[in-house]
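Trainee: Just the structure for this:
(6 chains)
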Number of protein chains: 6
Amino acid sequence: MTTTETRLERGHRNLAQIDGSGGQAVIDALADIAPDFATYLLEFPFGDIYARPGLSHRDREIATIAALAAMGNAQPQLRVHIRAGLNVGLTRTEITEILMQMAVYAGFPAALNGLFLAKEVFEE
Amino acid sequence: MTTTETRLERGHRNLAQIDGSGGQAVIDALADIAPDFATYLLEFPFGDIYARPGLSHRDREIATIAALAAMGNAQPQLRVHIRAGLNVGLTRTEITEILMQMAVYAGFPAALNGLFLAKEVFEE
Amino acid sequence: MTTTETRLERGHRNLAQIDGSGGQAVIDALADIAPDFATYLLEFPFGDIYARPGLSHRDREIATIAALAAMGNAQPQLRVHIRAGLNVGLTRTEITEILMQMAVYAGFPAALNGLFLAKEVFEE
Amino acid sequence: MTTTETRLERGHRNLAQIDGSGGQAVIDALADIAPDFATYLLEFPFGDIYARPGLSHRDREIATIAALAAMGNAQPQLRVHIRAGLNVGLTRTEITEILMQMAVYAGFPAALNGLFLAKEVFEE
Amino acid sequence: MTTTETRLERGHRNLAQIDGSGGQAVIDALADIAPDFATYLLEFPFGDIYARPGLSHRDREIATIAALAAMGNAQPQLRVHIRAGLNVGLTRTEITEILMQMAVYAGFPAALNGLFLAKEVFEE
Amino acid sequence: MTTTETRLERGHRNLAQIDGSGGQAVIDALADIAPDFATYLLEFPFGDIYARPGLSHRDREIATIAALAAMGNAQPQLRVHIRAGLNVGLTRTEITEILMQMAVYAGFPAALNGLFLAKEVFEE
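Mentor: Model (predicted):
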């Protein structure tokens, strides 16, 4: 059955499983500005990359949370992926450790801004 | 015995285990420009952060490889941590997947430059 | 007549034509913190660079929108330049395409944050 | 005939037309580290984005050269796209203007490093 | 007496002297998400780095304000350090000059966003 | 006499005093790719900004070294400004302290890459 699933269908399935309602909200928000971009977002990141067998969804979220916190210029997406990390099995402690570790590689401000976002997400 | 270990000793032990000779080479290179910074590097990242129990060394290297690849301005350190990833149990496939995934969050150039570094490390 | 125009006068003229009221608001906001910086902003970007004949204002705004969206840490300026793009003849479709394309070079978050800013500007 | 062209085929066609041999060299270099990533690179940027009708290839290269120069951490890709700009009809003067303009948005170092790369490409 | 002061005590002392209530607010905000990170923040930046004799606190704040403004993705920390600059003896004029100068190295948006933050801090 | 000095003349004088031969080499290298950009580089950073009385050249170089090290994507310019720092009176110790401090705000890789550049400059 999977073999006949399109990239878009697989993307919808992975987005729902990983990002939950936060991911769907992004897709919805794109509808009246760039609906094709919503399709690309479903197809490439979620239909192609997150569908690959070589790395678990849990490990992929470690990578995404670390990258977004280190870059420091994608706070809305970091918020979505802190929630996604919880969805795929990362504990609050693990997410906190990832964010603290970013102080080493991207500086204390990157870690602090990530931790304060996590605090907001954990309190929801 | 661990209880009497200093931060510096713990840092030396973790650096050797995680980064191997690549980490020691960085410490040595600092000797005649900023020896105190070598101490800080051992003490804070390796004596404090990597010594914390809440996240495995393997998971910490996923985060570090992702962050350095996404930032794209720390190629010498990314090289050290691709080797470190192998040292703590990440497979070549897993490292490749982490780097590919960075295309989604930091763009295709970040992923490409990370993959080409990994290719060099894997060929050593 | 142009030959007797000062850099500052030329900057005022270009700023008004390109950025419209958004640019003037920036100049006004600088008055009580750094009035000399308002002068530099008029003189160098708008009196020197945007006055050069080698690239049209339309093409310059493609470059600026792309750069600001890719950098991802200059959202107020990106907002001003999405408006400026419309002022100098870029269509909404063209601006949307530029922003979508940034997913390739700077990642999906950079594109998404640019697109959501454009959505706000287009709805004004 | 175009309607039956796959994303991968369209990507190959666009890559050849835009990036020329520089793009193919990147694809070849990925073969023994991440061949699937070569496929994604062909399919998403070149099969999807560059195939869209809303912005000309010339205008897309203005955006790409500007973004890569402003980011400043993707010099190999900036080199490829300065060549690509020439391939799709940008003049040397236009490329030089785009790079000079980046001084305004990303600082003089970003502009200088872009200009020195362009100098190398123009001298080939 | 200083010789028996711990890193944590020295960090508390330096944080209070340099960042004042803004620094303490950050420490307090970490209490229920990552209390250990508050300890690291006191110990490494303020107990180790700012305690070093080779550069005055005034000069250290020039460096910090410049770095945070240039990075452009750490506005909450830039705000704290504009206040810190005033605390350790930088004048408003000097802080304004540092921020204006960032236009040269990181672009006009980085300088503008820093100047508008300084305006808010100076008006407090 | 200063009152009749043009921005370009003032820029030449400040560039020679601050950056020495390293700055002139940059100007020379621009001659056959973008000679007007050499003029802008002399006029705006060195004729306008570095000519302002509100901050000493020594303090300006603290800011520049910090910013370039933190950004991490402008190594040729950081090299020029480490030399410039020495030219305007910063000691090797002070430059080393500035670079070490960047570990706090931009991460250990930024500090390490700055320190290794400084080591090369100091050994010249």
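Trainee: what's near enough to touch A:Leu55?
Mentor: Taking C-beta atoms under 8 Å, 6 or more residues apart in numbering or on different chains, we find A:Leu55 in contact with A:Ala63, B:Thr93, B:Glu94, B:Glu97, B:Ile98, B:Gln101. Glycine gets a C-beta too; all of them are placed from N, C-alpha and C.
Trainee: Could you pull up phi and psi at it?
Mentor: Main-chain dihedrals, A:Leu55, degrees, to the nearest 10: phi -150, psi 130.
Trainee: Give the buried residues for the helix or strand bottoming out on mean pLDDT in chain A.
Mentor: Ranking every helix and strand in chain A by mean pLDDT, DSSP states H and E puts helix A:20-29 at the bottom, with a mean of 93. Buried residues in helix A:20-29, counted by 16 or more other C-beta atoms under 10 Å in any protein chain shown: A:Gly22, A:Gly23, A:Val26, A:Ile27.
Trainee: any weak-confidence spans in chain A?
Mentor: Within chain A, the stretches with pLDDT under 70 are A:1-3.
Trainee: before we move on, back to that, roughly how far is the helix or strand following the least confident helix or strand of chain A from the heart of the chain?
Mentor: Using DSSP states H and E, the helix or strand that follows helix A:20-29 in sequence is helix A:35-41. What separates the centre of helix A:35-41 from the centre of its chain is 16 Å, taken as C-alpha atoms, centre = their mean, to the nearest Å.
Trainee: What lies in contact with helix A:35-41?
Mentor: The contact list for helix A:35-41, computed with C-beta under 8 Å, 6+ apart, reads A:8, A:11, A:26-27, A:30-31, C:100, C:103, C:108, C:111-112, C:115, D:44, D:48-49, D:52.
Trainee: ok, back up a step: check whether the least confident helix or strand of chain A comes close enough to chain C to count as a contact.
Mentor: Yes. Using C-beta under 8 Å from any C-beta of the partner chain, helix A:20-29 reaches chain C at A:Val26, A:Ala29.
Trainee: Other residues contacting that helix?
Mentor: A:15-16, A:19, A:38, A:41-42, A:46, A:79-80, A:83-84, A:87, C:112, C:116, C:119.
Trainee: 10 Å instead, please
Mentor: With contacts defined as C-beta atoms under 10 Å, 6 or more residues apart in numbering or on different chains, helix A:20-29 is touched by A:11-12, A:14-17, A:19, A:35, A:37-39, A:41-42, A:45-46, A:76-77, A:79-84, A:86-87, A:121, C:108, C:112, C:115-116, C:119.
Trainee: Please export the C-alpha coordinates of that helix as CSV.
Mentor: The C-alpha coordinates for helix A:20-29 follow below in CSV (Å, rounded to 0.1, in the frame of the first residue of the first chain):
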residue,chain,number,x,y,z
GLY,A,20,0.8,17.8,14.8
SER,A,21,-1.5,20.8,14.7
GLY,A,22,1.4,23.2,14.6
GLY,A,23,2.5,21.9,11.3
GLN,A,24,-1.0,22.0,9.9
ALA,A,25,-1.4,25.6,11.0
VAL,A,26,1.6,26.5,8.9
ILE,A,27,0.1,24.7,5.9
ASP,A,28,-3.2,26.5,6.4
ALA,A,29,-1.5,29.9,6.7
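Trainee: Tell me which residue in chain A sits closest to chain D.
Mentor: Closest residue of chain A to chain D, C-beta to the nearest C-beta: A:Phe44 (4.9 Å).
Trainee: what separates the least confident helix or strand of chain A from the chain centre, distance-wise?
Mentor: On the basis of C-alpha atoms, centre = their mean, the separation between the geometric centre of helix A:20-29 and that of its chain is 11 Å.
Trainee: mind listing which of the contacts of helix A:35-41 are in helices?
Mentor: Of the positions in the contacts of helix A:35-41, A:Leu8, A:Gly11, A:Val26, A:Ile27, C:Met100, C:Ala103, C:Phe108, C:Ala111, C:Leu112, C:Leu115 sit in helices, assigned by DSSP state H.
Trainee: For the residues you listed, pick the one with the most neighbours.
Mentor: Counting neighbours by other C-beta atoms under 10 Å in any protein chain shown, C:Ala103 leads these with 29 neighbours.
Trainee: Surely that one is in contact with C:Leu115?
Mentor: Yes. With contact defined as C-beta atoms under 10 Å, C:Ala103 counts as touching C:Leu115 (9.4 Å).
Trainee: Now list whatever residues contact both of those two.
Mentor: Residues touching both C:Ala103 and C:Leu115 (C-beta under 10 Å, 6+ apart): A:Phe37, C:Ala69.
Trainee: if you take the average position of chain A, which residue is closest to it?
Mentor: Nearest to the geometric centre of chain A sits A:His81, at 3.2 Å (C-alpha atoms, centre = their mean).
Trainee: element containing it, please.
Mentor: Applying DSSP H and E as the criterion places A:His81 in helix A:75-87.
Trainee: who in chain A is up against chain C?
Mentor: For chain A, the contact set with chain C under C-beta under 10 Å from any C-beta of the partner chain comprises A:26, A:29-30, A:32-34, A:36-38, A:40-41, A:44-45, A:67-68, A:71-78, A:80-81.
Trainee: what distance separates stretch A:82-97 from the centre of its chain?
Mentor: What separates the centre of stretch A:82-97 from the centre of its chain is 11 Å, taken as C-alpha atoms, centre = their mean.
Trainee: can you pull the buried residues of that stretch?
Mentor: A:Ile82, A:Arg83, A:Ala84, A:Gly85, A:Leu86, A:Asn87, A:Val88, A:Leu90, A:Glu94, A:Ile95, A:Thr96, A:Glu97.
Trainee: Dump those residues to a markdown table, plus distance to chain D.
Mentor: Formatted as a markdown table, these follow (distance: C-beta to the nearest C-beta, whole Å):
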| residue | distance to chain D |
| --- | --- |
| A:Ile82 | 25 |
| A:Arg83 | 25 |
| A:Ala84 | 21 |
| A:Gly85 | 24 |
| A:Leu86 | 28 |
| A:Asn87 | 25 |
| A:Val88 | 22 |
| A:Leu90 | 25 |
| A:Glu94 | 27 |
| A:Ile95 | 27 |
| A:Thr96 | 28 |
| A:Glu97 | 27 |
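Trainee: mind giving me TSV with those residues and columns for distance to C:Thr4?
Mentor: Shown next, in TSV, are those (distance: C-beta to C-beta, whole Å):
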residue	distance to C:Thr4
A:Ile82	59
A:Arg83	61
A:Ala84	61
A:Gly85	63
A:Leu86	66
A:Asn87	66
A:Val88	67
A:Leu90	66
A:Glu94	67
A:Ile95	63
A:Thr96	64
A:Glu97	65
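Trainee: Out of those residues, which comes closest to chain F?
Mentor: Nearest to chain F out of the buried residues of stretch A:82-97 is A:Glu97 (C-beta to the nearest C-beta; 16.7 Å).
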